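> After the sequence you'll find the predicted model.
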Amino acid sequence: MSIFPGFMIESTKAVLLQGGGELTTRDLMSPYVWQYDSGVYGIMVRGVPKGGHYDTDTGKIWYGESSDGLNFTMRDQPIMTPDPHGLDAGGCEDPTLVIHDGRWLIYYTGVDAAHASGQMLYAEGTGPDDLVKQGIALASSKTEGNTKEATVNQTKDGGWRLFYEYAREDASLIGLAIGEGVAGPWHEQPQPFAPRPALWDSWHLSPGPLMTHDQDYPVMFYNGATHDAHWRIGWVVFDCDYSRIVARCEEPLITPPIASPGAVDIAFAASCLVPRLAQEPASAVAAAAKPAIAPAFWLYYSIEDSVLERAICRVKAA
């Protein structure tokens with residue numbers, strides 16, 4: 001495995017949401033942030049009943065915008081809510097947005113009415129105002145339950161890859177599927193990487209966002225945990241076709257602060273981006289071996305399944 005210097009965190013700040021109506025009464029998770037061509041930042045976030053009391057639902061999805069990627073003005077009404085008679089009757093979770101050919105495709109987790117299991121669903125539209133639920137994107141099976149937490153990427157050859165979390169034998173693991181289009185159909189592939197005994201990611205894994213500023217060395221910021229679900233954020237570097245691991249962190253990049261009484265010990269990555277004004281010619285990974293400075297990138301994540309943060313990160317100096 002190649003030597004890679006890893007990443008450093010320059011700063012972390014709270015992501016602040018203004019407005020949102022009912023959202024102000026909920027805990028916050030799954031901050032999916034992107035930048036429009038205009039420079040404005042969009043966000044989708046899962047609002048969760050406080051304290052994990054899922055008597056009504058396990059989540060709804062809200063939309064908002066920001067000029068600085070840190071302070072967002074949220075719509076008062078959610079853009080995705082459970083359908084009492086649908087596959088997501090129990091909740092809508094974990095939004096991931098792909099904008100392709102002028103259309104929006106949102107992958108999300110739909111939870112059943114009994115709140116017992118979920119599977120990956122998707123919706124389509126031209127923006128947040130006309131989303132239409134399309135049904136199952138990647139179904140759960142007897143051997144791979146609770147498909148969720150989509151990470152979608154179009155590769156250099158024009159194909160599509162879908163990373164996702166699934167459940168097996170009391171563990172969360174990462175799966176990979178390949179599709180000809182942004183909505184599939186998806187074809188299962190071998191597991192891209194596995195838990196590592198005796199390390200911080202020894203039992204549970206869940207895919208986080210990809211940074212593809214350098215398509216020859218895409219980086220995934222993934223979520224890993226021990227058997228007792230102490231979640232941290234780490235990273236793995238792939239080769240250009242995701243067939244080989246180039247490098248993988250030994251220690252987590254982000255560890256949550258000591259949990260407050262009654263809170264869960266968890267940091268969970270949801271999205272990342274290289275802000276347009278900060279982009280530089282050298283790629284984030286290749287720059288580690290060159291004099292040029294790698295671009296700063298922003299990593300969005302949740303802490304204690306309740307609050308949102310943004311870290312500004314760079315590649316470490318070699």
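The structure has been received and is ready for your questions. Residues are numbered from 1 along each chain as shown.

> ok so Y166 is a strand residue?
Yes: Y166 sits within a strand when classified using DSSP: H, G, I helix; E, B strand; the rest coil.

> Near it, how many other residues are there?
When neighbours are counted by other Cβ atoms under 10 Å, Y166 registers 24. Every residue, glycine included, has its C-beta placed from N, CA and C.

> correct me, but it touches N146?
Yes: in terms of Cβ atoms under 8 Å, Y166 counts as a neighbour of N146; the distance is 6.2 Å.

> Quickly list what's touching both of those two.
Counting by Cβ atoms under 8 Å, 6 or more residues apart in numbering, the contacts common to Y166 and N146 are S140.

> Tell me, how many residues neighbour W200?
20.

> average model confidence for stretch 244-253?
Stretch 244-253 carries an average pLDDT of 95.

> ok, and what's touching the helix or strand harbouring I99?
Secondary structure from DSSP states H and E places I99 in strand 91-100. Residues from elsewhere that reach strand 91-100 (Cβ under 8 Å, 6+ apart): 29-30, 32, 34, 42, 44-46, 54, 57-61, 80-82, 104-111, 115, 118, 148-152, 154, 182, 270.

> go on, stretch 134-145?
Residues outside stretch 134-145 that contact it (Cβ under 8 Å, 6+ apart): 87, 107, 117-124, 146-147, 150, 162, 164, 166-168, 175, 177, 183-184, 186.

> buried subset of the residues you listed?
When burial is judged by neighbour count using 16 or more other Cβ atoms under 10 Å, the buried members of the contacts of stretch 134-145 are 87, 107, 118-124, 146-147, 150, 162, 164, 166-167, 175, 177, 183-184, 186.

> Out of those residues, name the ones that lie in strands.
107, 118-124, 146-147, 150, 162, 164, 166-167, 175, 177, 186 (DSSP state E).

> which stretches of the chain have low pLDDT?
Along the chain, the model assigns pLDDT under 70 to residues 1-3, 142-143, 277-294, 318.

> thinking again about what came up before, hmm, which of the contacts of strand 91-100 are the buried ones?
Buried among these by 16+ other Cβ under 10 Å: 29-30, 32, 34, 42, 44-46, 57-61, 80, 82, 104-111, 118, 148-152, 154, 182, 270.

> Give me the subset of those that lies in helices.
Residues of those located in helices (DSSP state H): none.

> residues in contact with G20?
So, once contact is read as Cβ under 8 Å, 6+ apart, G20 ends up touching G47, W62, G64, M74, R75, D76.

> what's the spacing between it and F72?
From G20 over to F72 the distance is 9 Å, taken as Cβ to Cβ, to the nearest Å.

> any shared contact partners between those two?
G64.

> Give me the residue at the spatial middle of this structure.
A270 (2.8 Å; Cα atoms, centre = their mean).

> Am I right that it is in contact with I303?
No: using Cβ under 8 Å, A270 is not in contact with I303; the gap is 11.5 Å.

> what sits against the closest residue to H227 other than its chain neighbours?
For H227, ignoring the flanking residues on the chain, the nearest one in space by Cβ to Cβ, 6 or more residues apart in numbering is W203 at 4.2 Å. By Cβ under 8 Å, 6+ apart, the residues touching W203 are A171, P195, A225, T226, H227.

> and the third one, what does it touch?
When contacts are counted by Cβ under 8 Å, 6+ apart, A225 is found next to S172, W200, D201, W203, H204, L205, W231, R232, I266.

> One more: the last one?
By Cβ under 8 Å, 6+ apart, the contact set of H227 is S202, W203, H204.

> of all these, which comes closest to T24?
When these are compared for distance to T24 (Cβ to Cβ), H204 wins out at 30.8 Å.

> burial count for the closest one?
22.

> so who does it touch?
A171, S172, L173, P195, N223, G224, A225, T226, H227, A229, W231.

> correct me, but the third one touches Q191?
By that I understand L173. Yes: counting by Cβ under 8 Å, L173 touches Q191, with 6.8 Å between them.

> Mind checking which of these two has more residues around it?
In this view L173 and Q191 are compared by other Cβ under 10 Å, and L173 has more residues nearby, 21 against 12.

> Spatially nearest residue to that one, not counting backbone neighbours?
Per Cβ to Cβ, 6+ apart, closest to L173 is L205, 5.5 Å.

> And the contacts of W203, which two are furthest apart?
So, the contacts of W203 by Cβ to Cβ: farthest apart are A171 and T226, at 10.8 Å.

> neighbour-wise, which of those two wins?
Ranked by neighbour count (other Cβ under 10 Å), A171 and T226 place T226 first, with 17 against 14.

> quick one: that one and P261, what's the gap?
As defined by Cβ to Cβ, T226 lies at a distance of 20 Å from P261.

> do the same with M29
Distance, M29 to P261, by Cβ to Cβ: 20 Å.
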